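Undergrad: Here is a sequence together with a model predicted from it:
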Amino acid sequence: MLFIGVDLGTSAVKLLLMDETGKIEKIVSKEYPLYFPHPGWSEQKPEDWFAQTAEGIKELVSECDRSEVKGISFGGQMHGLVALDEADNVIRPAILWNDGRTGKQTDYLNNVIGKDKLSRYTANIAFAGFTAPKILWMKENEPENFARIAKIMLPKDYLAYMLSGSFCTEYSDASGMLLLDVEHKCWSKEMIEICGIRKEQLPKLYESWEPVGCLKPEIAGELGLPEDVKVIAGAGDNAAAAVGTATVGDGACNISLGTSGTLFISSNKFGVDEHNALHSFDHADGHYHLMGCMLSAASCNKWWMDDILKTKAYQEEQEGVTKLGENHVYYLPYLMGERSPHNDPDARAAFIGMTMDTTREEMTQAVLEGVTFGLRDSLEVARSLGVNPERTKICGGGAKSPLWRKIVANVMNMKVDIIESEEGPGYGAAILAAVGCGVFPSVEEAAKKLVKVVATEEPEPELAAKYEERYQKFKKFYPLLKGNF
Ligand SMILES: Nc1ncnc2c1ncn2[C@@H]1O[C@H](COP(=O)(O)OP(=O)(O)O)[C@@H](O)[C@H]1O
Ligand SMILES: O=C(CO)[C@@H](O)[C@H](O)COP(=O)(O)O
């Protein structure tokens, strides 16, 4: 039996073919453009996602026995607003998770409706990238588009809709809309009213492992797959990555170094961060999780390498970094503003502390360190809530870098478990597909059985102590600069 896991990321869609023993048969990646039509805005075209996913699936199954493909599922970039009209046309480009245009609507939700009420209705407060403020933005700024909305969905749910015709979502991704009552797993009627929408415009809710339908016959024909291939609901990419790294059960932790950077802590009990810095969301295993999200993680390194140093040779550049813990340069990683913990769409990136003899290598190092310090901010919030994981898994494009993994282990002072494949969301999505097809009794059992830790990066006490000192200094810079960006 074969299962397809689709990771609808921000940089690309990554597709993975897995057999029932968890072996990865093939991986395919297809890029699409990311548009920044104004500073701080971030959009992609859902049509590009689907076109590239369809091409990717064809390539993925080109050499296998297609009759063995039993299920397909997804891990998708979260929070993006996809709006379709009555005829299923995409009304406007999707407004993504890292889009900062909704400052006014976010302030309205947090300060006029009020954080207490939002937290009571949804378990979260408003962040600029969440879906509800984008709906309010569209209502205010594009009333004609708003009036045309027949269906509101999240990025990966658009793929499920195009493949199966089922207008569906699931709890983990829906948690990031600020429309879901996360604790009770139902749409919040108060939030629906506040956003001026109707429940019929929202998709039907499923658990991540539940089948939502099968491939539409014409799609099956186009992809060259059997019509009985099951489409399984899937998860937000972070919950999918947690499944793909076996971050399930109470207290398990995963760090993702993708376009965004996330710290994900799985929990069997529902809980809310009283500081409102970490999100309280449903997990794809049927339970809950806390999560801190940085808007620019591996994208900081990509910007520094591709746009400034004009190189694609990440590994060669990183090989020049030899003085870990010794750097005098600091980097604030706020290229797109910041979500956790600052909730400040106006924050901006900065290099601090250069001298005449500062080198290119020190600045490269500062970028990797600055992103990691940003993630440590979220870990500090978790620690203040009494959640103190002693080890973490790691995934995402940045996890390919041995240097970055070492920096993570020492800045966090945690053991970092390295998984056989860093394709967290894609592997998690394939596991969800296998569970949905009845191969495993539960997500937790499947993940624990299939995911293999191949090595552990241990923190080194002397280096961790140096990083502790540097982190204490890093922490002081944002409050000093805040309001002046
Ligand atoms: N060796 C590396 N060091 C640092 N960053 C890397 C490395 N390899 C890939 N990346 C970065 O990882 C990111 C892609 O990671 P991925 O998890 O696929 O992101 P997304 O899901 O957001 O598309 C890109 O920004 C890419 O530049
Ligand atoms: O906004 C969040 C999580 O709350 C991001 O993590 C997005 O889900 C995008 O993820 P990547 O493209 O970085 O995987």
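TA: Looks like it arrived, so ask away. Computed from a predicted model, the values in this text were never measured in an experiment. Numbers count the residues shown, from 1 in each chain. Ligands and ions are numbered 1, 2, ... in the order given.
Undergrad: Near ligand 1, which residues of the stretch 301-450 of the chain? Just list them.
TA: Proximity of the stretch 301-450 of the chain to ligand 1, by Cβ under 6 Å from any ligand atom, involves residues 301-302, 314-315, 396-398, 400-401, 404. From N, CA and C alone the C-beta is placed, and that goes for glycine too.
Undergrad: Quick check: residues of the stretch 51-200 of the chain near ligand 2?
TA: For the stretch 51-200 of the chain, the residues in contact with ligand 2 (Cβ under 6 Å from any ligand atom) are 77-79, 97, 129, 176.
Undergrad: if we can go back for a sec, separate out the buried members of the residues of the stretch 301-450 of the chain next to ligand 1.
TA: 301-302, 314, 396-398, 401, 404 (16 or more other Cβ atoms under 10 Å).
Undergrad: Where does the prediction get shaky in the stretch 101-250 of the chain?
TA: Residues of the stretch 101-250 of the chain meeting the criterion pLDDT under 70: none.
Undergrad: In it, what residue spans correspond to helices?
TA: Applying DSSP state H, counting those that start in this stretch to the stretch 101-250 of the chain gives helices spanning 103-107, 115-122, 131-141, 143-148, 155-164, 171-174, 189-194, 217-223, 237-244.
Undergrad: Out of those, which is the most enclosed?
TA: When you average the neighbours per residue for each of these (mean count of other Cβ atoms under 10 Å), helix 237-244 leads with a mean of 34.
Undergrad: Take it, keep the C-alpha atoms, and write them as PDB.
TA: The C-alpha atoms that make up helix 237-244 are tabulated as PDB, following Å, rounded to 0.1, in the frame of the first residue of the first chain:
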ATOM      1  CA  ASP A 237       1.600  22.100   8.700                       C
ATOM      2  CA  ASN A 238       2.900  22.400  12.300                       C
ATOM      3  CA  ALA A 239       0.500  19.700  13.600                       C
ATOM      4  CA  ALA A 240       1.300  17.600  10.600                       C
ATOM      5  CA  ALA A 241       5.100  18.100  11.300                       C
ATOM      6  CA  ALA A 242       4.400  17.000  14.900                       C
ATOM      7  CA  VAL A 243       2.900  13.800  13.600                       C
ATOM      8  CA  GLY A 244       5.800  13.400  11.200                       C
END
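Undergrad: quick one: it to helix 155-164, angle?
TA: In terms of direction (axes from the mean of the first three to the mean of the last three Cα atoms, to 10 degrees), helix 237-244 departs from helix 155-164 by 80 degrees.
Undergrad: Contacts for the helix or strand following helix 237-244, please.
TA: Toward the C-terminal end, the helix or strand that comes next after helix 237-244 (DSSP states H and E) is strand 253-257. With Cβ atoms under 8 Å, 6 or more residues apart in numbering as the test, strand 253-257 has contacts from 237-238, 241-242, 245, 247, 261-266, 297-298, 371, 375, 389, 391-399, 404, 408, 412, 414, 416, 424.
Undergrad: and ligand 2, which of those reach it?
TA: Among these, the ones lying near ligand 2 by Cβ under 6 Å from any ligand atom are 237-238, 262.
Undergrad: Reformat those into TSV and put distance to Lys475 next to each item.
TA: Shown next, in TSV, are those (distance: Cβ to Cβ, whole Å):
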residue	distance to Lys475
Asp237	28
Asn238	24
Thr262	20
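Undergrad: Out of those residues, which comes closest to Val182?
TA: Closest to Val182 out of those is Asn238 (14.2 Å), distances taken as Cβ to Cβ.
Undergrad: Now do the same contact list for the residue in the stretch 51-200 of the chain that ligand 1 sits nearest to.
TA: Closest residue of the stretch 51-200 of the chain to ligand 1, Cβ to the nearest ligand atom: Gln77 (6.7 Å). Residues counted as contacts of Gln77 (Cβ under 8 Å, 6+ apart) are 8-10, 96-97, 155-156, 237, 259.
Undergrad: how about a cut-off of 6 Å?
TA: 8-10, 97, 155, 237 (Cβ atoms under 6 Å, 6 or more residues apart in numbering).
Undergrad: Please tell me how far the residue sitting furthest away from the middle of the chain sits from ligand 2.
TA: Most distant from the centre of the chain: Met356, at 38.4 Å, with distances by Cα atoms, centre = their mean. Going from Met356 to ligand 2 by Cβ to the nearest ligand atom, to the nearest Å gives 36 Å.
Undergrad: just the buried members of the contacts of strand 253-257?
TA: Among the contacts of strand 253-257, the ones that count as buried by 16+ other Cβ under 10 Å are 237-238, 241-242, 245, 247, 261-266, 297-298, 371, 375, 389, 391-399, 404, 408, 412, 414, 416, 424.
Undergrad: among those residues, which are in strands?
TA: Using DSSP state E, the subset of these located in strands is 261-266, 391-395, 416.
Undergrad: Where do the strands of the stretch 351-485 of the chain begin and end?
TA: Counting by DSSP state E, counting those that start in this stretch, the stretch 351-485 of the chain has strands at residues 391-395, 415-419, 453-457.
Undergrad: now these as CSV including mean pLDDT?
TA: Below are the strands of the stretch 351-485 of the chain laid out as CSV (pLDDT from 0 to 100):
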stretch, mean pLDDT
strand 391-395, 97
strand 415-419, 97
strand 453-457, 97
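Undergrad: So Pro133 is in contact with Gln105, correct?
TA: Yes - if you go by Cβ atoms under 6 Å, Pro133 and Gln105 touch, sitting 4.0 Å apart.
Undergrad: so what's Ile24 bridging to?
TA: On the basis of DSSP bridges, Ile24 is bridged to Met18.
Undergrad: next one: the one 5 residues further on
TA: Listed by DSSP bridges, the beta-bridge partners for Ser29 are Lys14.
Undergrad: so how far is Val82 from it?
TA: 22 Å (Cβ to Cβ, to the nearest Å).
Undergrad: Tell me how far the closest residue to Gly165 other than its chain neighbours lies from Gly71.
TA: Among residues not flanking Gly165 along the chain, Lys216 sits closest, at 5.3 Å (Cβ to Cβ, 6 or more residues apart in numbering). From Lys216 across to Gly71, the span is 15 Å (Cβ to Cβ).
Undergrad: The two - which one has more neighbours?
TA: Neighbours per residue (other Cβ atoms under 10 Å) separate Lys216 from Gly71, with Gly71 holding more: 27 against 17.
Undergrad: sorry, back to before: any chance of the residues of the stretch 301-450 of the chain next to ligand 1 in a markdown table with pLDDT as columns?
TA: Below are these laid out as a markdown table (pLDDT from 0 to 100):
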| residue | pLDDT |
| --- | --- |
| Asn301 | 98 |
| Lys302 | 97 |
| Tyr314 | 97 |
| Gln315 | 96 |
| Gly396 | 94 |
| Gly397 | 94 |
| Gly398 | 96 |
| Lys400 | 95 |
| Ser401 | 97 |
| Trp404 | 98 |
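Undergrad: want to throw those residues into CSV with distance to Gln44?
TA: Formatted as CSV, those follow (distance: Cβ to Cβ, whole Å):
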residue, distance to Gln44
Asn301, 21
Lys302, 16
Tyr314, 23
Gln315, 28
Gly396, 18
Gly397, 17
Gly398, 20
Lys400, 23
Ser401, 25
Trp404, 26
